[in-house]
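1. Predicted model, plus sequence, below.
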Amino acid sequence: MKRLGFVTLTPTGSIELTRSGGAFIDFATAGTEDHDCRIKQESNGLAFVTGGDGSANEKMRVKQDGNVQLYDGNLIVASGHGIDFSATGDSSGTTSSELFDDYEEGTWTATLGPASNEFTPTSNTNTCYYTKIGRQVTVVGIAKMTTPSSLNSYTNDSTSHALSVSGLPFTILDAINARSAATLGVGGDIQFPNGVLATHGNNNSTSFSVFVNKSNGGIRSAPTLAVSTSMNFHFSFTYFI
């Protein structure tokens, strides 16, 4: 065993650092006194300090109990990687992934119109919000549309007609059992007569449909609109990609 100041070289080839008040390793720029980084022994773990001499502060600590604490900065993960939860117990279903690999939030432009382009709205866009957590996307906002003076072939309460909210920030999964349904809230100048309001996402697309399931056998028909009218409704829609 050979000791060089605070450094001890052991017969097994390891290097031991001992110092009153805690040992540390400094990484400095050559020819300067600027200590860019420091790894420092603390009573409850190992501290990582960055920032340069005179302004350095602790950014991260690996604690003795196995926890890692960030004091400043973000954890940046390479694309395609994330937090792996495979060590936890699985559900009774079939597990396809236990990797949490994405989070995102922002705005998108919702466009409201007739699903089959029967008429062209005077205006029909509005800025809405989204949050993406893994493969799950939630969008919220207000869909708006000003109808023209003529609805052309769009006939209120007519079979197979519907409205569409398009422009979703991510494409809906191409699986009919995964497209889910939207929830509609307070609205103005739109009615859903003689039936039940219904919605669903359109798989492998960036839109969801709004229509009426009529009481006589569940026939799909159109919501009631008036001409030259500004109509709107609040919505929330969660889907998978």
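-> That came through, no problem.
2. any weak-confidence spans in this structure?
-> 1-13, 31-35, 52-54, 215-218 (pLDDT under 70).
3. Let me see the domain layout of the protein.
-> 2-70, 103-240 (automatic domain parsing).
4. out of those domains, nearest to residue 77?
-> domain 103-240 (10.0 Å; CB to CB). C-betas here are computed from N, CA, C, even on glycine.
5. Now do the end-to-end distance for the closest one.
-> Across domain 103-240, the terminal residues are separated by 14 Å (CA to CA, to the nearest Å).
6. show me the contacts for the residue nearest the centre of the chain.
-> Centroid-nearest residue in the chain: residue 132, 1.6 Å away (criterion: CA atoms, centre = their mean). Counting by CB atoms under 8 Å, 6 or more residues apart in numbering, residue 132 touches 102-105, 138, 169-170.
7. returning to that earlier point: among the domains of the chain, which comes closest to residue 81?
-> Evaluated over those, closeness to residue 81 peaks at domain 103-240, with 13.1 Å, by CB to CB.
8. re the thing from before, pairing partners for the residue nearest to the centre of the chain in the sheet, please.
-> On the basis of DSSP bridges, residue 132 is bridged to residue 104, residue 137.
9. I'd like the distance from stretch 15-26 to the chain centre, please.
-> Taking CA atoms, centre = their mean, to the nearest Å, one finds the center of stretch 15-26 at 43 Å from the center of the full chain.
10. can you redo the contacts of residue 132 as a markdown table with distance to residue 211?
-> Output for the contacts of residue 132, formatted as a markdown table (distance: CB to CB, whole Å):
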| residue | distance to residue 211 |
| --- | --- |
| 102 | 32 |
| 103 | 33 |
| 104 | 30 |
| 105 | 30 |
| 138 | 22 |
| 169 | 23 |
| 170 | 23 |
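11. Filter those down to the buried ones and hand me the ChimeraX line.
-> To isolate the buried members of the contacts of residue 132 in ChimeraX, using 16 or more other CB atoms under 10 Å:
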select :169,170
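12. ok, of the contacts of residue 132, which one's closest to residue 45?
-> Ranked by distance to residue 45 (CB to CB), the contacts of residue 132 are led by residue 103 at 27.3 Å.
13. Now for the closest one: which residues touch it?
-> Here residue 103 is in contact with 132-134 (criterion: CB under 8 Å, 6+ apart).
14. Relative to residue 140, how far out is it?
-> Look at residue 103 and residue 140: by CB to CB, to the nearest Å, they are 17 Å apart.
15. Kindly report the same for residue 130.
-> In terms of CB to CB, residue 130 sits 8 Å off from residue 140.
16. What of residue 105?
-> 11 Å.
17. Common neighbours of these two, please.
-> 129-130.
18. Pretty sure residue 191 sits against residue 223.
-> Yes. Counting by CB atoms under 8 Å, residue 223 is a contact partner of residue 191 at 6.6 Å.
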